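Colleague: any chance you can model this:
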Amino acid sequence: MQSITLFPVHLVQSIFLFQMLFGALLINSQKQSRSLVLLFAFQGCVCAFNLLEGLEFSDYLITPAFTLLYGPMIYFFTLSITGKQPFKTSHYAVHLIPAAISLAFTHYTQAIILLGSLSQLGYFYFAYGILKRYHKQLMHARSDAESLKLKWLIKALFIFAIIVVFDLLRMNVQPITPLDLKMHWYLLNEILLLLMFSFLLFHTIKSSFQFEPVTLPEEPEAEQTDSSDEQLAQQIFSTIDNLIINESLYRQPRLSLNDLANKTGLGSKEISWAINSTTGNNFCEYINQHRVNDVKREIEQDSSQKLSLIELAFQAGFNSKSTFNAVFKKETGLTPSQFKKQTLKTCS
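Modeller: Here you go, the predicted model:
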């Protein structure tokens, strides 16, 4: 009876195993995503051992120790995808020690899973911190920062955390849970993990351009400046601002701080500091202000309305409709269509 009940679980685990092997092979050619290949290979091993243990090929439990490996795997994947640390097998060694030690104590299943769950939540927290710092640095370095943000990975971390808590609850109430409910709960947990890893694979393939190296300066520190520093910042900003306006550099969708540094001979940190000190905005916000002003001018001057709003947005340097709408409303208090209607009404 129990083997019949477990059949759907074993089926999901088999699908999960083949998906992980397929995913690892599919993205193996992407050098910057090797840590995710390792994560997929690891999850494939987890699925294989779950199947073996479920089919009672082994009396000794191994899978509880695996709960101590999920956290490090996700953490190092986050480091790798943000360019904080190159993929090196040696970096994983220390983080494998707790899992290796726990192999001798897996008969204390609930205790090991509790430690593993707490470990995962801790690693997820640090991974989230890395992503937040990465996003801040992007805003100071790239005009296309919004499209490079790894928001999907932040969502994945939160969903993983929910699954961890969900599974921990399942394990602790097992002694008082009816068999049917226990099996359905286990099945649901496996399906959620399958969907979660499918989500990771999909976004890894979809966002493969994000694995290209992105040079990011440190976020400018807020510090006291004297009048000479303020004057220097204004001089540098004036040079940069004139160059950006005169050559319409803001219309380049992927304009970066390094591009300006190469054009002017100034250091990227100097430029970032000057923009931040003079305008109070980071590089991305500053460039987007120019783009919004460009769209506003085009709307006001284009009486025949030959171009649509999205065409004006792309012409001004925006590379997505959602970013354009969000930035435009933040700068003007109106949506692009509201601003256009208001302008046409005023002109008429």
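
Colleague: for stretch 162-172, which outside residues touch it?
Modeller: With C-beta atoms under 8 Å, 6 or more residues apart in numbering as the test, stretch 162-172 has contacts from 70, 109-110, 113-114, 117, 120-121, 124, 177, 185-186, 189, 192-193, 196. For the C-beta atoms, the positions are set from N, CA and C on the backbone; glycine is no exception.

Colleague: over to stretch 307-326?
Modeller: 143-144, 146-147, 250-255, 287-288, 291-292, 294-295, 298-299, 327, 335-337, 340.

Colleague: just the ones of those residues in helices?
Modeller: Judged by DSSP state H, these include 146-147, 287-288, 291-292, 294-295, 298-299, 327, 336-337, 340 as members of helices.

Colleague: coming back round to it: just the buried ones among the contacts of stretch 307-326, please.
Modeller: Among these, the ones that count as buried by 16 or more other C-beta atoms under 10 Å are 143-144, 146-147, 250-251, 255, 287-288, 291-292, 294-295, 298-299, 327, 336, 340.

Colleague: list every C-alpha atom in the strand or helix carrying residue 310, with coordinates, as PDB.
Modeller: Per DSSP states H and E, residue 310 falls inside helix 309-316. C-alpha atoms of helix 309-316 as PDB (Å, rounded to 0.1, in the frame of the first residue of the first chain):
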ATOM      1  CA  LEU A 309       5.800  56.800 -26.900                       C
ATOM      2  CA  ILE A 310       7.700  53.500 -26.900                       C
ATOM      3  CA  GLU A 311       9.600  54.500 -30.000                       C
ATOM      4  CA  LEU A 312      10.500  57.800 -28.300                       C
ATOM      5  CA  ALA A 313      11.600  55.900 -25.300                       C
ATOM      6  CA  PHE A 314      13.900  53.500 -27.300                       C
ATOM      7  CA  GLN A 315      15.200  56.500 -29.200                       C
ATOM      8  CA  ALA A 316      16.100  58.200 -25.900                       C
END
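
Colleague: buried stuff in that helix?
Modeller: Those would be 309, 312, 313, 314, 316, for helix 309-316 by 16+ other C-beta under 10 Å.

Colleague: between the residues you listed, which is closest to residue 278?
Modeller: For the buried residues of helix 309-316, the minimum distance to residue 278 (C-beta to C-beta) is 22.0 Å, reached by residue 316.

Colleague: per-residue pLDDT, that closest one?
Modeller: Per-residue pLDDT puts residue 316 at 94.

Colleague: against residue 281, how distant is it?
Modeller: Going from residue 316 to residue 281 by C-beta to C-beta, to the nearest Å gives 17 Å.

Colleague: ditto for residue 108
Modeller: Residue 108 is 54 Å from residue 281, where distance means C-beta to C-beta.

Colleague: all helices for the stretch 201-348 of the chain, in order.
Modeller: 227-246, 257-264, 268-279, 283-301, 309-316, 321-332, 336-347 (DSSP state H, counting those that start in this stretch).

Colleague: and residue 28, which of these is closest to it?
Modeller: Using C-beta to C-beta, the helices of the stretch 201-348 of the chain put helix 257-264 closest to residue 28, at 30.1 Å.

Colleague: show me what counts as buried in that closest one.
Modeller: 257, 258, 260, 261.

Colleague: for it, packing partners?
Modeller: helix 109-141, helix 227-246, helix 268-279 (3 or more C-beta pairs under 8 Å, 6 or more residues apart in numbering; DSSP states H and E).

Colleague: how far is it from where the chain is centred?
Modeller: Here helix 257-264 shows a centroid-to-chain-centroid distance of 26 Å under the convention C-alpha atoms, centre = their mean, to the nearest Å.

Colleague: mind listing residues that contact it?
Modeller: By C-beta under 8 Å, 6+ apart, the surrounding residues in contact with helix 257-264 are 140-142, 215, 217, 239-240, 243-244, 249, 252, 266-268, 271-272, 283.

Colleague: pull out the buried members of the residues you listed.
Modeller: Buried among the contacts of helix 257-264 by 16+ other C-beta under 10 Å: 140, 141, 142, 217, 240, 244, 249, 268, 271, 272, 283.

Colleague: thinking the first one is in contact with residue 272, fair?
Modeller: Yes. Residue 140 sits in contact with residue 272 when judged by C-beta atoms under 8 Å, with a separation of 5.3 Å.

Colleague: what about the protein, any weak spots by pLDDT?
Modeller: In the predicted model, the chain carries pLDDT under 70 at residues 1-5, 30-33, 58, 84-91, 207-228, 302-305, 347-348.

Colleague: now do 80
Modeller: Along the chain, the parts satisfying pLDDT under 80 run over 1-7, 26-36, 53-60, 83-92, 171-177, 179-180, 182, 204-228, 302-307, 344-348.

Colleague: which of the buried residues of helix 309-316 lies closest to residue 159?
Modeller: The closest of those to residue 159 turns out to be residue 313 (C-beta to C-beta; 31.7 Å).

Colleague: for the closest one, give its distance to residue 307.
Modeller: Residue 313 is 10 Å from residue 307, by C-beta to C-beta.

Colleague: try residue 16
Modeller: Residue 16 is 49 Å from residue 307, by C-beta to C-beta.

Colleague: which one's more surrounded, those two?
Modeller: Neighbour count, other C-beta atoms under 10 Å: between residue 16 and residue 307, residue 16 has more, with 23 against 15.

Colleague: all good on my end, thank you.
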